[in-house]
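*Asks:* Need the 3D shape of this:
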Amino acid sequence: MLSPFLAYFNVIFSSFPHRFLATGNSFASLHFEFLLGTSTISRIVRHTCQVIWEQLRETVMPQPKVDEWLWIAEGFNLSAQFPNCLGAMDGKHIRVKKPPHSGSRFFNYKHFFSIVLMAVADSNYKFIMVDIGAYGSTADARIFSASRMGERLRANQLATPESRRLPGSAGPPAPFVFVADEGFALTNHVMRLFPKRGLDVRRRIYNYRLTRNTL
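*Replies:* Below you'll find the predicted structure:
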C-alpha cells in the first residue's frame, strides 16, 4: 500500500498530463494549479506523450502489410483512376510559439514559426504513417528523407507489394508508389507532379490524375 505522500504524487503525476492534453492549459497555468515547476511539468508531459505513442501506436496506426497495401492501392485506383498508388504524402505546418534560443530553425516560408506534421494518407484521408516535429524551416523532401518512414522505404522495409503491370498495359511491371507535390524528390517509389510550365497534354493529364490523389 502506498504511503499518503507517494499516493499524493501518484495522483498528481497522473492528472496534469491528461489535463494538459484535454484542455491545452499552459505549463504556467499547471504550475500554479499543481505547485510544480514548469520545467518538471514539461518533462513529465513529454514523457507521458512518448509512452502513450509507444503503447498505442500498433493499435491505432500499425504498419500496413502487403494485403493492406493492396487494399489501399485499390482505393486510389477506384477513386482517382491512379493505379499502384500506396498513399498521398504531404507536410502540414503546425503553428507554434518560437522556442527559446531556436534562431530561425522553426521559421517557415509562410513567415510564422511551426513544426511540421509529415503524413501519408489513404484514399479515405486516413493517416497511414506520420512523422511529427521537424523544424518549420526544413523542406518537405528533406523531412521525408530523414524520417523513419523515408529510411524504411529506401531500405525496402515497409512490406510494400512487388511491382506489377499497370491495368491495360503489356509493358514491364511498375513499382507501387507514393504521390506527392513538387516539394518532394522523384524516386522509384515517390511520384511527383511535373513542373507546371510548358506542359503537353499527356503531362497535364498525369498532373490531373496525381492531384486527384492529393486533394
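*Asks:* Assign a three-state SS to Arg179, would you?
*Replies:* Small correction: residue 179 is Val, not Arg. On the three-state scheme (DSSP: H, G, I helix; E, B strand; the rest coil), Val179 is labelled strand.
*Asks:* Surely it touches Met89?
*Replies:* Yes. The pair Val179 / Met89 is scored as a contact, 6.9 Å apart, by Cβ atoms under 8 Å. Any C-beta I mention is one placed from the backbone N, CA and C, and that applies to glycine too.
*Asks:* any common contacting residues for the two?
*Replies:* Jointly contacting Val179 and Met89 under the rule Cβ atoms under 8 Å, 6 or more residues apart in numbering are Val190.
*Asks:* For Met61, give me its contacts.
*Replies:* Met61 is in contact with 127-130, counting by Cβ under 8 Å, 6+ apart.
*Asks:* State the distance from Gly150 to Arg105.
*Replies:* To Arg105, Gly150 is 20 Å away according to Cβ to Cβ, to the nearest Å.
*Asks:* More neighbours: which of these two?
*Replies:* Using other Cβ atoms under 10 Å as the criterion, Gly150 and Arg105 rank with Gly150 on top: 22 against 14.
*Asks:* Pretty sure that one sits in a helix.
*Replies:* Yes. Counting by three-state DSSP, Gly150 is found in a helix.
*Asks:* show me the contacts for it.
*Replies:* By Cβ under 8 Å, 6+ apart, the contact list for Gly150 reads Phe144.
*Asks:* for the chain, where's the lowest mean pLDDT among helices and strands?
*Replies:* helix 4-23 (a mean of 55; mean pLDDT, DSSP states H and E).
*Asks:* Mind jotting down where the helices sit in the chain?
*Replies:* Shown for the chain, the helices assigned by DSSP state H span residues 4-23, 27-34, 38-60, 66-80, 140-146, 148-154, 201-214.
*Asks:* Please export the C-alpha coordinates of the lengthiest strand in the chain as CSV.
*Replies:* Secondary structure of the chain per DSSP state E: the longest strand is strand 85-95. Provided in CSV are the C-alpha atoms of strand 85-95 (Å, rounded to 0.1, in the frame of the first residue of the first chain):
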residue,chain,number,x,y,z
CYS,A,85,-0.7,4.2,-55.5
LEU,A,86,0.0,3.4,-51.9
GLY,A,87,-0.6,6.8,-50.4
ALA,A,88,-0.7,10.6,-50.8
MET,A,89,2.1,12.4,-48.9
ASP,A,90,2.5,16.0,-47.8
GLY,A,91,3.6,18.2,-44.9
LYS,A,92,1.5,20.4,-42.7
HIS,A,93,2.9,23.4,-40.8
ILE,A,94,1.6,23.5,-37.2
ARG,A,95,1.9,27.0,-35.7
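*Asks:* and that strand, average pLDDT?
*Replies:* On average, the pLDDT along strand 85-95 is 93.
*Asks:* now swap in stretch 178-189 and tell me
*Replies:* 88.
*Asks:* May I see the buried residues of it?
*Replies:* Residues 178-180, 183-184, 187 are the ones in stretch 178-189 that count as buried (16 or more other Cβ atoms under 10 Å).
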